[in-house]
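Undergrad: I'll drop the sequence and a predicted model, then ask my questions.
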Amino acid sequence: MLAMIMGLATLVGFDSAANLAEEAKDPYRSVPRAIVGSVIAAGVLGLLFLITLTVAIEDIPRISADGSPVAAIMRERLGPVAERSLLVAITIAFFGAGIVVMVACSRLVYAMSRDSRFPAYRLMRRVSPRTRTPIPATVLIFALGVVLMVALPGAALLKLVTASTILPAVTYGSTVVLYLAVRRGLSRREGSFDLGRLELPVAICALVWTLVALFVLVTPAEALTPVVIVIGLLLVGALFFLGMLAFGREALDAEPGDESAFKH
């Protein structure tokens, strides 16, 4: 089960391409290809890397007990220089991933604010005339991340990180369920990415995989606190949605427009 969670962590983040669709050229073709391509690349390269590491292990109990097994394998097989080079590469990769997540989250805030569905939406939907980017939304996400890192101790921050693995699985599953419910009424754009006859089987397989992933994520005893965090966040979201129904129903009745403040 832990091994599957590692796989989930490897394949999380492909949806960031969708969050930047409004700034992409020909998004109806390029964004789906980017999502599929990133999943295939991460899966193939990650599998090859894991196979190589596994074959390179000489003493499994000792490596398993090490605080950084991958670094230990690299150090034993290729020496300390290769180990440090790997750690530098991992640091750069995590920094890049953090930047991508921050950018993607800021676009989510912007999109909801543009449609009047986010707190302080008049501020958060502002776009810089010079950079054509949502500066207030980006600053909000950056500041929130800094506050959480400074305010929370290491153990609590780790629980929050684990919760951030469960929550996307819930989001993915909800998106697939919604798609299956309304797919017959969706319009088709000529020339856009299309799975053809594989569309429905892929959607069903995605839903089954998501349900299995959720089961794996929430069943361990250590997942109790992250599950409580996720439930709390969902309740806050539900309360906000009810507030929108009561006081901002006009924003929910309107379909988000196709116009974007970004320049493609």
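TA: Cool, the structure landed.

Undergrad: Tell me where the model's unsure across this structure.
TA: Residues of the chain that meet the criterion pLDDT under 70 lie in 1-12, 154, 255-264.

Undergrad: residue contacts, P134?
TA: By Cβ atoms under 8 Å, 6 or more residues apart in numbering, P134 lies in contact with S106, R107, V109, Y110, S113, M124, R125, R126, V127, S128. Where you see a C-beta, it was placed from the backbone N, CA and C, and this is true even at glycine.

Undergrad: Hmm, the third one is touching A143, no?
TA: No - in terms of Cβ atoms under 8 Å, V109 does not count as a neighbour of A143; the distance is 11.9 Å.

Undergrad: So those two - more neighbours on which side?
TA: With neighbours defined as other Cβ atoms under 10 Å, V109 and A143 compare such that V109 has more, 22 against 10.

Undergrad: separation between the more buried one and A24?
TA: According to Cβ to Cβ, to the nearest Å, V109 and A24 sit 18 Å apart.

Undergrad: for R183, same thing?
TA: Here R183 is placed at a distance of 23 Å from A24 (Cβ to Cβ).

Undergrad: Who has more neighbours out of the two?
TA: Taking neighbours as other Cβ under 10 Å, R183 and A24 compare with A24 leading, 16 against 11.

Undergrad: Could you identify the helix or strand that succeeds the lengthiest helix in the chain?
TA: The helix that spans the most residues within the chain, counting by DSSP state H, is helix 80-114. For helix 80-114, the succeeding helix or strand toward the C-terminus, using DSSP states H and E, is helix 121-124.

Undergrad: and the following helix or strand past that following helix with helix 80-114, angle?
TA: As assigned by DSSP H and E, the chain's next helix or strand after helix 121-124 is helix 135-151. Relative orientation of helix 135-151 versus helix 80-114 (axes from the mean of the first three to the mean of the last three Cα atoms, to 10 degrees): 130 degrees.

Undergrad: Could you list the buried residues of whatever helix or strand comes next after helix 135-151?
TA: The first helix or strand that comes after helix 135-151 along the chain, using DSSP H and E, is helix 154-182. Neighbour-count burial for helix 154-182 flags K159, T162, A163, T165, I166, L167, A169, V170, Y172, G173, T175, V176 (criterion: 16 or more other Cβ atoms under 10 Å).

Undergrad: Output those residues as CSV; include the columns distance to F193.
TA: Shown next, in CSV, are these (distance: Cβ to Cβ, whole Å):
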residue, distance to F193
K159, 37
T162, 33
A163, 32
T165, 27
I166, 28
L167, 26
A169, 23
V170, 25
Y172, 18
G173, 21
T175, 16
V176, 17
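
Undergrad: Kindly indicate which of those residues lies nearest L48.
TA: T165 (23.3 Å; Cβ to Cβ).

Undergrad: Let me know whether the closest one touches L217 as I believe.
TA: Yes - assessed by Cβ under 8 Å, T165 is found in contact with L217 at 6.3 Å.

Undergrad: Farthest pair within the buried residues of helix 154-182?
TA: K159 and V176 (26.7 Å).

Undergrad: I'd like the distance between L198 and I204.
TA: To I204, L198 is 11 Å away according to Cβ to Cβ.

Undergrad: Tell me the most packed of the contacts of P134, by neighbour count.
TA: In those, the most neighbours by other Cβ under 10 Å go to Y110, 28 neighbours.

Undergrad: List the backbone torsions phi and psi for the residue lying closest to it once chain neighbours are set aside.
TA: Once flanking residues are discounted, Y110 sits nearest to P134: 3.9 Å by Cβ to Cβ, 6 or more residues apart in numbering. Backbone torsions of P134, given as degrees, to the nearest 10, read phi -80, psi 90.

Undergrad: now P134: how far from Y179?
TA: 27 Å.

Undergrad: cool, and A213?
TA: Plainly put, A213 is 17 Å away from Y179 if you go by Cβ to Cβ.

Undergrad: same check, this time on A104
TA: Distance, A104 to Y179, using Cβ to Cβ: 20 Å.

Undergrad: What distance do you get for the residue lying closest to L86 once chain neighbours are set aside to L158?
TA: The shortest distance from L86 to any non-neighbouring residue, by Cβ to Cβ, 6+ apart, is to M74 (5.2 Å). For M74, the distance to L158 (Cβ to Cβ) stands at 24 Å.
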